[in-house]
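**Q** Sequence and predicted structure below; questions after.
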Amino acid sequence: MDLTTREESGCTVARVAGRLDAATAPLFEKACGEWVDKGTKKLVLDLSALDYVSSAGLRAVLVTMKRLKSAGGGIAVSGLSGVVKEVFTISGFDALLPTRDSVAEAIASL
Amino acid sequence: MTGGPGEAMEERRFLADVPVVGEAVAWARAEADAAGLPDARGLDLELAVEEALMNVCTHAYGGRGGEMTVRAGRTDEGFVVEIADSGPAFDPLSLPSPDTAAPLDERRIGGLGVLLVRRVTDGVRWRREAERNVLTLVFSFPPPSGAETSPAGGA
């Protein structure tokens, strides 16, 4: 997993590339926790370069979503495709948070 | 590839420990690739195997540690992965499906792994055999060209 972040229009935009699996999900969850601690309220996950996600990755997204909701913010994702899109659909996560084609649209949805 | 279909399966034993799951998943994927399972199904296979192994690691031995056995190979059914543990009898397929329409506050991750396993495989079954839980995951090979059926739904 490669994680790069930037601030844009009041959102933290995190590009998550590679694999979000049992091995990497705890690192991702920890990074999300640090952004929330530093004051991030709106988080955009750019998943256009994510090849794989399992329920371990969904768990990290869910935990972070709940924290952000209590802080008055939320998560949106962009760039779902392939097996990642399949997992978001099967799990119903595509109904829990805004899913958009582009980062700009995801930012606008928050 | 000698003998009957069952004998074409390879077997590896792993410590039932979360950090080992990636290695076991990679081994099963390599076996599937070697058997000629189409690349498009490879990530589905990795997902189903990871979810099944994570269930073994986190539930089968109640924190006491143990072993998990992974068998993989081509059979008459398709590419098959069998995951076995020696924990108490437990059929993960007996769990109710999670509510994937629940609002955020009521969402839980528990059960999602099994749901994903059901949805990305072409068949999954559990049996208790020789004091072991055995979960069988089946991945069909595509039908011969010209056939119309498409279990993957073309998504």
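**A** Now that the structure is in, tell me what you want to look at. Numbering: from 1, shown residues only, chains lettered A, B, ... in the order given.

**Q** how about the lengthiest helix in chain B against chain A, any contact?
**A** Taking DSSP state H as the criterion, chain B has its longest helix at helix B:39-55. Yes: judged by Cβ under 8 Å from any Cβ of the partner chain, helix B:39-55 comes into contact with chain A at B:43-44, B:46-47, B:50-51, B:54. In short, each C-beta sits where N, CA and C put it, glycine included.

**Q** between those, which is closest to A:Ser70?
**A** Closest approach to A:Ser70 among the residues of helix B:39-55 next to chain A (Cβ to Cβ): B:Met54, at 27.4 Å.

**Q** what's the following helix or strand after the longest helix of chain B?
**A** Per DSSP states H and E, the first helix or strand lying C-terminal to helix B:39-55 is strand B:67-75.

**Q** so after that next one, what's the next helix or strand?
**A** Counting by DSSP H and E, the next helix or strand C-terminal to strand B:67-75 is strand B:78-85.

**Q** Determine the set of other helices and strands touching that following strand.
**A** helix B:21-35, helix B:39-55, strand B:67-75, strand B:132-139 (3 or more Cβ pairs under 8 Å, 6 or more residues apart in numbering or on different chains; DSSP states H and E).

**Q** Distance from the chain centre to the second one, please.
**A** Taking the mean of its C-alpha atoms, helix B:39-55 sits 6 Å from the chain's own mean (Cα atoms, centre = their mean, to the nearest Å).

**Q** quick one: contacts of it?
**A** Contact with helix B:39-55 is made by A:21-22, A:51-52, A:54-56, A:82-83, A:86-87, B:14, B:16, B:18, B:21, B:24-25, B:28-29, B:32-33, B:37, B:68, B:70, B:79, B:81, B:83, B:92, B:113-114, B:116-117, B:120-121, B:124, B:135, B:137, B:139, B:152, as judged by Cβ atoms under 8 Å, 6 or more residues apart in numbering or on different chains.

**Q** Just want the most central residue of chain B.
**A** B:Val49 (3.9 Å; Cα atoms, centre = their mean).

**Q** Relative to chain A, how far out is the residue lying closest to B:Ala35 once chain neighbours are set aside?
**A** Take B:Ala35 and drop its neighbours on the chain: the residue closest to it by Cβ to Cβ, 6 or more residues apart in numbering or on different chains is B:Arg74, 4.5 Å away. Distance, B:Arg74 to chain A, by Cβ to the nearest Cβ, to the nearest Å: 22 Å.

**Q** which residues touch B:Arg74?
**A** Counting by Cβ under 8 Å, 6+ apart, B:Arg74 has contacts B:5, B:8, B:35-36, B:80, B:141.
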